[in-house]
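J.: just to be clear, the model below is a prediction. Sequence and coordinates:
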Amino acid sequence: MIENLISSFLIKYKIDYELMPCDPDFADTDAFCENYNIPKENSGNTIIVASKKEPYKYSACIVTAKYKLDVNKTVRKLMGVKRLSFASADQTKSLTNMMIGGVTVVALPGNLDIYIDQNILDLDYIIIGGGSRSQKLKLPTKELSKIPNTQFIQGLGIPLTI
């Protein structure tokens, strides 16, 4: 079960976290923030990105809900591919064993690069997916650096203009 894998990973890497139960109907970012009164700047979206041509390459990226992922420039350059897009729900499930709305960077396949927006380190904490739509993980942002294959990237996210 994915929750056991995540728990083992958090213990193995000595990552300080708080488990937050979540109603699956409110797992998507906007609904989660509104229903649980969480600031969007502290809500992290884990997004799986895939190249469009075989052999497929994947990466995981985190930006806060105040940003959109710069897929076409920054991520494309980091991955070294010409064309890429957000992974489909099926690709995400197959790669991570997690559903959209619950994807986390914790316990991903070991060969997957993880890119995190540098701005997240300015926050006291971040709330990320917990591996399923029924839980989230709240952790001090410095704990993200304990996750293998993690790189903090300036300009990974583009501020949303609303």
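T.: Thanks, I have it.

J.: what average pLDDT does stretch 54-74 get?
T.: Stretch 54-74 shows a mean pLDDT of 95.

J.: span of that stretch from start to end?
T.: End-to-end span of stretch 54-74 (C-alpha to C-alpha, to the nearest Å): 21 Å.

J.: shaky segments in the chain?
T.: 162 (pLDDT under 70).

J.: from residue 67, how far out is the residue sitting furthest away from the middle of it?
T.: Here the chain reaches farthest from its C-alpha mean at residue 54, the gap being 23.6 Å by C-alpha atoms, centre = their mean. Distance from residue 54 to residue 67, counting by C-beta to C-beta, to the nearest Å: 30 Å. To be clear about C-beta, it is placed using only N, CA and C from the backbone, and glycine gets the same treatment.

J.: helices of the chain, start to end?
T.: With DSSP state H, the ranges of helices along the chain come out as 2-12, 29-36, 76-79, 89-96.

J.: tell me which of the ones you listed sits nearest to residue 58.
T.: Nearest to residue 58, of all the helices of the chain, is helix 89-96, at 5.9 Å by C-beta to C-beta.

J.: tell me what that closest one is packed against?
T.: With contacts defined as 3 or more C-beta pairs under 8 Å, 6 or more residues apart in numbering; DSSP states H and E, the packing partners of helix 89-96 are strand 44-51.

J.: residues near residue 37, how many?
T.: Neighbourhood size, residue 37 [other C-beta atoms under 10 Å]: 6.
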